[in-house]
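> The following block contains a protein sequence and its predicted model.
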Amino acid sequence: MKRLPRLLATAGLLAAALPGLATPSSASAAPTPAYLRQTPDWHRCSPDRPAAYECATLKVPLDYQRPEGRTLDLAISRMKSENPAERRGVLLINPGGPGTSGLSRPIRTHAEMPKDVRDRYDLVGFDPRGVGRSSPIGCGDLSEAEVGVGGAYRPETFASEVSWARGIADKCRAKSGDVIPYITTRNTARDMDVIRAALGERKVSYLGYSYGTYLGAVYSQMFPERTDRFVLDSGVDPGRVWRGMIQAWGTGAEPAFERWTRWVAERSDTYGLGATPEAVSATFWALVARADRDPINHYGERMTGDDIRADPSLFFDPHAASVVIKGIKASADKAPQPPGGTDPGMSGKDADRKWPGMPSPLGGVRGAGPGGDAGGTSEGTDVTPANNATAVYWAVVCGDTDSWPRDPEQYARDAARDKVKHPLYGDFASNIKPCAFWQRPLEPATPMKTRAGVLTVQNEWDPMTPLSSGQGLHQALRGSRMVLALGGQGHGVYLSHPTACANTPVNAYLSTGRLPTKDVTCHNPPPTPDPEGAGAR
């Protein structure tokens, strides 16, 4: 498309020089597709939400190669600029996922964004195709054990992991197989462009978190001439979609674990896990080995060594990890508690941290649970199929790229290797996934070849999109700038806290459209540990 004006100009010069060459008639131009000529029918979203929060539904093609065929609903929302004189356009918002609802994001962003910035935009949210109120898909009834990204690698249990992966693929195909092939990032980017057209905008600005960074990057490559001010927060490396991103949880957990051993060693009087990083590491791995031999009764649950290391995100918060590991060690060192027992030394504030769990497969940030802003639904709808978020997650992760191995033994070899290289979580990350049994994608992944003047934002200690991933996104998008919050902890940077150091450069970019002249490094002090929680156990 960038070459088109030059080619047309050349054709015009040739037509003027050669009498026999006629210029194309404007009547021969392809008509605008009907899906790009919609007008939203806005209405108040809900009586219990602000009147300024409006909703509408658009229709988008299931298959953009056959736009006259079956359609999907696309639920959108907005809060209009309160200062039309300062309004620049629309800011589309995606909170992450894949599988996360974004319909109510304008309310949250309106509350958190400085007024002089939000005055420049109508804040627009949407449920991506397949999610919430946008023709949701499901995989039928799944047990609690079936929801997640898979277990640890052990030769004796690998066959059951293969059965789990095949079973998820079969159930999703049986329940939503006619739609799942079209639930992809490229099609969601096309849907974003339908939203832009329906709102009458020549260009669209965008704020995307986590998975939303990859969605925004894909849009910038598919529709570069319609890309305005884009902020991509907590970056997905386009070169690692999607197996490599799950594996990044294994590689990224190792430096976080090492940082934790240093942190807790400096506080050995409080936590009693070791006075040196080496001693802390030895304590942790001894605990893992002990639980593998004889599971630990921890508040009525039997915890194995695999359970202890099943949450790689835990060690990105040194204080939380210290409380959890201290509690597990205390359970191992004393007589078993009866089921449902409580620890008198454990404060109510820490009660929900007694068991580290499997990481959510979803990358939604700042309060978005496994189903997004509304726990798997959008605006309270009661028609969302069971396991909607899981269905969309695997549809996108498996359907975006054909790079997934199809041979189960390849996963076994990789997981065995990574269990040695990255012992905390590497085997979980490389173990077999449903994508081994998914159908082949309908189109290839999007190459990052077009210059994109966007702003990427990253915390140094992000558990879901580690620093190496954010750097990979920045490097893949030529012309981008990066804001790195050194010491920043957690998933999601911009507006995560009123004093977050990244807020100032992001606000300046959204207000003026001017990228920083060079990458920005700011310093975000890590959260101060809660003295009550630190000493409670």
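Structure's in. What do you need?
> count of neighbours near residue 521?
As a burial measure, residue 521 scores 12 neighbours (other Cβ atoms under 10 Å). The C-beta positions use only the backbone N, C-alpha and C, and glycine is treated the same way.
> Could I get the full set of strands for the stretch 151-300 of the chain?
Applying DSSP state E, counting those that start in this stretch to the stretch 151-300 of the chain gives strands spanning 204-209, 227-233, 296-298.
> The next helix or strand after the last one pairs with which strands?
It refers to strand 296-298. Note on strand 296-298: by DSSP states H and E, the next helix or strand toward the C-terminus is strand 301-303. Paired strands of strand 301-303, with direction, are strand 296-298 (antiparallel) (DSSP bridges).
> just how off-centre is the strand it pairs with within its chain?
Averaged C-alpha coordinates place strand 296-298 at 32 Å from its chain's average position (Cα atoms, centre = their mean, to the nearest Å).
> Stretch 130-148 now?
That offset, for stretch 130-148, works out to 17 Å (Cα atoms, centre = their mean).
> now the end-to-end length of it.
Chord length of stretch 130-148, first to last residue, is 19 Å (Cα to Cα, to the nearest Å).
> May I see the buried residues of that stretch?
Buried residues in stretch 130-148, counting neighbours by 16 or more other Cβ atoms under 10 Å, are found at 130-139, 142, 147-148.
> again, but for stretch 497-513
Quick answer for stretch 497-513 (16+ other Cβ under 10 Å): 497, 500, 501, 502, 503, 505, 506, 507, 508, 509, 510, 511.
> Report the mean per-residue pLDDT for that stretch.
In this model, stretch 497-513 carries a mean pLDDT of 96.
> quick check, distance from that stretch to the centre of its chain.
Counting by Cα atoms, centre = their mean, stretch 497-513 comes out at 21 Å from the chain centroid.
> beta partners of residue 124?
residue 78, residue 92.
> related to what we said a few turns ago, which among the buried residues of stretch 130-148 gets closest to residue 491?
Closest to residue 491 out of the buried residues of stretch 130-148 is residue 148 (17.6 Å), distances taken as Cβ to Cβ.
> Please report phi then psi for the closest one.
phi 140, psi -170 (degrees, to the nearest 10).
> where are the low-confidence patches of the stretch 401-537 of the chain?
526-537 (pLDDT under 70).
> If we use 90, what do you get?
For the stretch 401-537 of the chain, the stretches with pLDDT under 90 are 524-537.
> Would you state the helices of it in chain order?
408-421, 426-430, 467-476, 503-512, 531-535 (DSSP state H, counting those that start in this stretch).
> Quick check: the gap between the closest residue to residue 278 other than its chain neighbours and residue 160.
In this structure, residue 278 finds its nearest non-sequential neighbour in residue 261, 7.7 Å apart by Cβ to Cβ, 6 or more residues apart in numbering. For residue 261, the distance to residue 160 (Cβ to Cβ, to the nearest Å) stands at 33 Å.
> Residue 502 now?
If you go by Cβ to Cβ, the gap between residue 502 and residue 160 works out to 43 Å.
> for the nearest residue to residue 394 once chain neighbours are set aside, what are its contacts?
Among residues not flanking residue 394 along the chain, residue 434 sits closest, at 5.2 Å (Cβ to Cβ, 6+ apart). Residues near residue 434 by Cβ atoms under 8 Å, 6 or more residues apart in numbering: 165, 166, 168, 169, 172, 394, 398.
> And those, which is closest to residue 447?
Nearest to residue 447 among those, with distances taken as Cβ to Cβ, is residue 398, at 19.4 Å.
> Near the closest residue to residue 198 other than its chain neighbours, how many residues? Count them for me, please.
Counting by Cβ to Cβ, 6+ apart, residue 198 lies nearest to residue 38, which is 4.7 Å off, once chain neighbours are set aside. By other Cβ under 10 Å, the residues close to residue 38 number 18.
> Name the SS class of residue 38, please.
Here residue 38 is recorded as coil under DSSP: H, G, I helix; E, B strand; the rest coil.
> was I right about it contacting residue 196?
No. Using Cβ atoms under 8 Å, residue 38 is not in contact with residue 196, being 11.3 Å away.
> so who does the closest residue to residue 411 other than its chain neighbours touch?
The shortest distance from residue 411 to any non-neighbouring residue, by Cβ to Cβ, 6+ apart, is to residue 432 (3.9 Å). By Cβ under 8 Å, 6+ apart, the residues touching residue 432 are 150, 158, 161, 162, 165, 408, 411, 412, 415.
> one more time with 7 Å
150, 161, 162, 165, 408, 411 (Cβ atoms under 7 Å, 6 or more residues apart in numbering).
> For residue 169, see how far away the third one is.
Same thing as residue 162. Relative to residue 169, and taking Cβ to Cβ, residue 162 is found at 11 Å.
> These two: which is more packed in?
The residue with more neighbours, out of residue 162 and residue 169, is residue 169; 22 against 18, by other Cβ under 10 Å.
> For that one, report the pLDDT, please.
On the pLDDT scale, residue 169 is placed at 98.
> try the one 4 residues further on
You'll see residue 173 listed with a pLDDT of 97.
> Can you pull the poorly scored residue ranges out of the stretch 201-350 of the chain?
Looking at the stretch 201-350 of the chain by pLDDT under 90, you get 334-350.
> again, only using 80
335-350 (pLDDT under 80).
> Go through the longest helix out of those in the chain and flag the buried ones.
Secondary structure of the chain per DSSP state H: the longest helix is helix 243-265. Neighbour counts over helix 243-265 (16+ other Cβ under 10 Å) mark 243-254, 256-257, 259-261, 263-265 as buried.
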